[in-house]
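Q: return a 3D structure for these sequence lines:
(one chain, ligands or ions: 1)
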Amino acid sequence: MQKKEINIVCEKNNIPYKDLRIAQIKGARTLEELKKATGVCGECEACKENLTYIMKVVCGCNMVTFDDVKNQLDNGLNTFEEISKQTKAGTTCGHCKALVENIIKQGY
Ligand code: FES
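A: Sure thing, here's the model as predicted:
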């Protein structure tokens, strides 16, 4: 999967990328949870194109996925610093730090 620049996730309901990441930081993981938290329709072409990426990638700068973070947790790492050192998540712009921290706290 390649890095994507996304501004509007859902064109039908005009939902910005930031709203999805905030919902994930608050714990939304599934499509149904993201729909409820943000109002994305999940069915328009933009949703089909963007939601898979958003639900898979935690850190776009370094292409770190939810699975990558989960694997680090399964390996016994449990701080942002440890996971960042192993995956590079959070080492560029830092915008993903809150999401990585939520995954550590809440789980995948
Ligand atoms: S999104 Fe993770 S460092 Fe930029």
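
Q: use CA for all of it now, contacts and neighbours both
A: Will do.

Q: how about the strands in this structure?
A: 8-10, 15-16, 57-59, 64-65 (DSSP state E).

Q: got the residues of this structure near the ligand?
A: 59-61, 89-96 (CA under 6 Å from any ligand atom).

Q: out of those, which end up buried?
A: Burial by neighbour count, judged by 16 or more other CA atoms under 10 Å, picks out 59-61, 89-91, 95-96 from the residues of the chain next to the ligand.

Q: only the buried residues of the longest helix seen in the chain, if you could.
A: Ranked by residue count under DSSP state H, the longest helix found in the chain is helix 45-56. Buried residues in helix 45-56, defined by neighbour count with 16+ other CA under 10 Å: 46-47, 50-51, 53-56.

Q: returning to that earlier point: which one of the strands of the chain is the most hemmed in?
A: strand 57-59 (a mean of 24; mean count of other CA atoms under 10 Å).

Q: on that earlier part again, now the buried residues of helix 45-56 as JSON lines including pLDDT?
A: Conversion of the buried residues of helix 45-56 to JSON lines gives the following (pLDDT from 0 to 100):
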{"residue": "46", "pLDDT": "97"}
{"residue": "47", "pLDDT": "97"}
{"residue": "50", "pLDDT": "97"}
{"residue": "51", "pLDDT": "97"}
{"residue": "53", "pLDDT": "96"}
{"residue": "54", "pLDDT": "97"}
{"residue": "55", "pLDDT": "97"}
{"residue": "56", "pLDDT": "97"}
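
Q: closest to the ligand out of those?
A: residue 54 (11.4 Å; CA to the nearest ligand atom).

Q: relative to residue 2, how far out is that closest one?
A: 12 Å (CA to CA, to the nearest Å).

Q: how close does residue 42 sit to residue 85?
A: Separation of residue 42 from residue 85 (CA to CA): 34 Å.

Q: redo the strands of the chain as TSV? Include mean pLDDT.
A: What follows is the strands of the chain, written out as TSV (pLDDT from 0 to 100):
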stretch	mean pLDDT
strand 8-10	97
strand 15-16	98
strand 57-59	97
strand 64-65	98
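
Q: thanks a lot, catch you later.
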